[in-house]
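Undergrad: Got a predicted structure here, sequence first:
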Amino acid sequence: MSARYGMVIDLDRCTGCGACMVACSTENNVPSLPQATARTGITPILVRKVSNGMDGGARREAFVPILCMHCEHDTPCVKVCPQQAVEVDKATGIVMQMPQRCLGCRYCMTACPYHARYFNWWDPAWPSGMEKSLNPGVASRMRGVVEKCNLCHARLHSAQEKAAASKKREIDMADYVPACVEACPTGAIRFGNLADKNDPVTQDAHSPNAFRFLARLGTEPKIYYKSKEAWVRALAEPSSGRDSEVNHG
Amino acid sequence: MKVTRRDLLVWSAGAAAGLIVTPVPWKLLDDTSIWSQNWAWIPQPVRGPVEVKQSACTLCPQGCAIKVRTSAGYPVGVSGVSSHPVSLGALCPLAYGAHQLNWHPQRLRSVRHGATPSSWSEARKAFAKACGEGRIVVIDGYPGRAASSVLRTFAQKRNGDYRVVFASDARSLVPYEDWSGVPASALGYDLENAQTVISFGAPLLDGWGAPGRFTRLWAERAAGMTDPQLRLIQAESSLSRTAARAWQWVPLHDGSEAALATGLARVLLEEHLVSAQGPMPPLTLAQAADQTELTSDAIRDLARTLVARPPVVAIANDENPSIAALNVVLGATGARGGIVRRSKHSDVNVSADAVIQNARAVLIDSTVPWDFVPHTDAEIFRFAAWDGGSSKAEWLLPAPGFLEDQTDVPPAPTSAIETYAVAPALVKAPADVQSSAQFLASIDSSLPSSDSIIHSRCEDLFRARAGTLCGQETMPLAKIASVQKFEEQLSKGDVWVAEALHSESLRCVLKEWPTPTGPSPLEDWTTSWRAPVLPPLATKLYRESSLRKPPERRNA
């Protein structure tokens, strides 16, 4: 049975601590380069601060982790890639990026409605000796290619190896937990198989307060969000006439 | 057919022109590009056997339990341990990159005297000479460890002073020490049983106490709920992360936290909303309203809201006696869901002053925050694993880095339960580093070693046969066969948890309303971080995103 891995991110629980960002970078051997800035750094999961646009005591803020939404249908980055370096894995639903095929044209970055793709501007580098601290399950990637969240694919491989070793066809979901999900101190990010109707994450994805960003584009993203705050849910369609302010800075 | 020179030229030109429309040059260009993107010197991960070991993070006094994944013997990842009774599997953002700290470019690897390289023997000679010439002051940033006991013993034997630089969350418990006679190191907040928490600027969801403790409580009992089981009220001048997520945010004038606490206490006493009796606060409600820029009605409503769902506890960001006095009025001291005594025996620690007079030498342990720079004429011997620059220390002595030294882990400063753990050394330290306890033991051979103190502490706990051992499974200590087995379990990452004391074991007497103190700067993960450097990946939090302001005096 094919899986559809996805997430539900409870924005009412996110405190914007950033643990997911650091844990993701550690897991995926993303370097911290002195020349990298907010425009040029690689942050496969990026927590943005948003507000309701009010001032004083009426002001409310929330934090929104943005990552590749793993669009299921008419995936924009797949459609524009001239190199077939991006594809939707039919077995998992994960939108895969293959750096070896990528020629760095960045069409996919332009096409992505969520700005969840990053260009790798520089050769990866770490201070002397620090390369010993790199995750052996993930190769350090070359410059000149586009990077994005792959739902910690190395962890999926480990879970599949474990399942294969015990002669099972399906992985145990407890063995496959992306780094950001594991690191979230409030349990705001939850991960599961959306193809499994009994998975609590699937049920959460269909709760009344759940929503997806830019759902009107019809790309069927597999990253769901939820919030009880109406002004937060209104962020899902930023060009549909809402009166709130999105503060990226 | 005769081939002329012209034919050859025409053929060559045609071939050259035709080559452009073949895949050859583009393939060459692509291959050259890929080849240049994969230089042999581009770092690749070291392959080797992968293991997962448990330890504790000792980069701040919270002592969160960690799982460390190692490959070929090197730590390659850190994650939390959900069975830990205080940290509950959560860690601060910085801990996820902490395993890279030992290779930080600012890592101290040799002794420095001023700007020149020196040696341990020179440092020993200079410190021993200073000890013989006058008073010494030993400063610790993580009290309660076996190493702290070595530092304290050394200072006492030399008629010197042992002083402590407290974390801001631990400082908030200091006022109760005077009113109850119980050392602040034996007190904690029973947040697990509180139903209303009013925070006066304390970053409860952003770096206060053990990261997992309150955030998990809040996430389970409050996040997104209209009428939560745990009401978090944040009184703070700006919309901080905690204020943004709180059940109620009280925006007050900057620095008027003490005035609000005093105003609330006055309403509680005047309207008999609490059973406790106490001295009437000197500030009238109108004065409190004036200072806080809130209305009198707003303060009155807030006081009623506080007592609507007990138990209630007030948490200060610092050593603010007015907020501590509010807790006494609320009846939160020595009560379930308030401030409780967690241990029977604890050392009384004296806070280190920024100005140190009449001392010949000051020894600063590596656990003291780099920002603590004493104003003194004494010779400063500063231990540190990383050089944060401009420390004003005459001697800079390289200390073990992250997970390079075995240490024991006393309870987290604000925890309501007493715990004991051991963080084993998982990484081999560089050749030329020493902890301050090892340094002092090399000067005074009669001092016990940290390892022997850890052993005797384990023996004491084992003999008492009380409490439980929390690990993959929870087991009463009485069921552990021997002290060796107990130590073995602790070195594998298990945590000993004491039985809870009766809340009545703490009684606070407030004779007069305390004088308010000035506000302290607000802290978060990065400012409460003790090391002078941050893990390199912390730049993701501020330079490669706009999530946080760049930290001051910290280099990633």
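TA: It's in. Residues are numbered from 1 along each chain as shown, chains lettered A, B, ... in the order given.
Undergrad: Distance check, B:Leu506 against B:Gly181.
TA: The gap separating B:Leu506 from B:Gly181 is 10 Å, by Cβ to Cβ, to the nearest Å. C-beta coordinates here come from the backbone N, C-alpha and C atoms, glycine included.
Undergrad: Show me which of those two is the more surrounded one.
TA: B:Leu506 (22 against 12; other Cβ atoms under 10 Å in any protein chain shown).
Undergrad: does chain B sit close to the longest helix along chain A?
TA: Taking DSSP state H as the criterion, chain A has its longest helix at helix A:153-165. No: applying Cβ under 8 Å from any Cβ of the partner chain, one finds helix A:153-165 separated from chain B by no less than 9.4 Å.
Undergrad: Report the contact partners of the nearest residue to A:Gly41 once chain neighbours are set aside.
TA: Spatial nearest neighbour of A:Gly41, excluding adjacent residues (Cβ to Cβ, 6 or more residues apart in numbering or on different chains): B:Glu544 at 2.9 Å. Residues near B:Glu544 by Cβ atoms under 8 Å, 6 or more residues apart in numbering or on different chains: A:32, A:36-38, A:41-43.
Undergrad: circling back to that earlier point, buried set for the longest helix of chain A?
TA: A:153-156, A:158-160, A:163 (16 or more other Cβ atoms under 10 Å in any protein chain shown).
Undergrad: tell me the two of the contacts of B:Glu544 that are most distant?
TA: The span of those, defined through Cβ to Cβ, is set by A:Ser32 and A:Ala38 at 13.1 Å.
Undergrad: A:Val78 belongs to a helix, doesn't it?
TA: Yes: under DSSP: H, G, I helix; E, B strand; the rest coil, A:Val78 falls within a helix.
Undergrad: What's the local residue count around the closest residue to it other than its chain neighbours?
TA: Leaving aside its sequence neighbours, A:Val78 sits nearest to A:Val86 (Cβ to Cβ, 6+ apart; 4.9 Å). By other Cβ under 10 Å, the residues close to A:Val86 number 24.
Undergrad: between A:Ser32 and A:Ala38, who's got more neighbours?
TA: Between A:Ser32 and A:Ala38, counting by other Cβ under 10 Å, A:Ser32 is the more crowded of the two (25 against 16).
Undergrad: for the closest residue to that one other than its chain neighbours, phi and psi?
TA: In space, and not counting its chain neighbours, A:Ser32 is closest to B:Pro536: 4.1 Å by Cβ to Cβ, 6+ apart. Main-chain dihedrals, B:Pro536, degrees, to the nearest 10: phi -50, psi -40.
Undergrad: for A:Ala111, same thing?
TA: Residue torsions, per degrees, to the nearest 10, at A:Ala111 are phi -80, psi -30.
Undergrad: shouldn't it be in contact with A:Pro82?
TA: No: look at A:Ala111 against A:Pro82 with Cβ atoms under 8 Å: they stay out of range, at 11.7 Å.
Undergrad: B:Leu461 is in what secondary structure piece?
TA: Using DSSP states H and E, the secondary-structure element containing B:Leu461 is helix B:450-464.
Undergrad: other SSEs contacting that helix?
TA: helix B:146-157, strand B:407-409, strand B:419-423, helix B:483-491 (3 or more Cβ pairs under 8 Å, 6 or more residues apart in numbering or on different chains; DSSP states H and E).
Undergrad: Chain A is nearest to which of the ones you listed?
TA: strand B:419-423 (18.4 Å; Cβ to the nearest Cβ).
Undergrad: And for the residue nearest to B:Pro398 when sequence neighbours are not counted, the neighbour number?
TA: Leaving aside its chain neighbours, B:Pro398 sits nearest to B:Leu108 (4.0 Å; criterion: Cβ to Cβ, 6+ apart). Applying other Cβ under 10 Å, we find 24 residues neighbouring B:Leu108.
Undergrad: and A:Pro208, what does it touch?
TA: Residues near A:Pro208 by Cβ under 8 Å, 6+ apart: none.
Undergrad: quick one: contacts of the helix or strand where A:Val8 lies?
TA: Using DSSP H and E, A:Val8 maps to strand A:5-10. Residues from elsewhere that reach strand A:5-10 (Cβ under 8 Å, 6+ apart): A:64-65, A:70, A:92-94, A:151, A:156, A:176, A:181, A:187-194, A:201, A:204-205, A:210, A:222-227, B:223-224.
Undergrad: Give the partner strands of that strand in its sheet and their orientations.
TA: strand A:189-193 (antiparallel), strand A:223-226 (parallel) (DSSP bridges).
Undergrad: Now render those as a markdown table, adding mean pLDDT.
TA: As requested, the strands paired with strand A:5-10 are exported to a markdown table (pLDDT from 0 to 100):
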| stretch | mean pLDDT |
| --- | --- |
| strand A:189-193 | 97 |
| strand A:223-226 | 97 |
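Undergrad: so which of those gets nearest B:Ser449?
TA: Minimum separation from B:Ser449 across those (Cβ to Cβ) falls at strand A:189-193, 44.2 Å.
Undergrad: Show me how far the closest one is from its chain's centre.
TA: Its chain's average C-alpha position is 11 Å from that of strand A:189-193, according to Cα atoms, centre = their mean, to the nearest Å.
Undergrad: For A:Lys167, give me its contacts.
TA: The contact partners of A:Lys167, taken as Cβ under 8 Å, 6+ apart, number zero.
Undergrad: That one in helix, strand or coil?
TA: A:Lys167 - assigned by three-state DSSP - is coil.
Undergrad: Poorly predicted segments of chain A, please.
TA: Low-confidence segments of chain A, defined by pLDDT under 70: A:1, A:238-249.
Undergrad: What segments of it are strands?
TA: Along chain A, the stretches classed as strands by DSSP state E are A:5-10, A:46-51, A:61-66, A:86-88, A:95-97, A:118-119, A:146-147, A:189-193, A:210-211, A:223-226.
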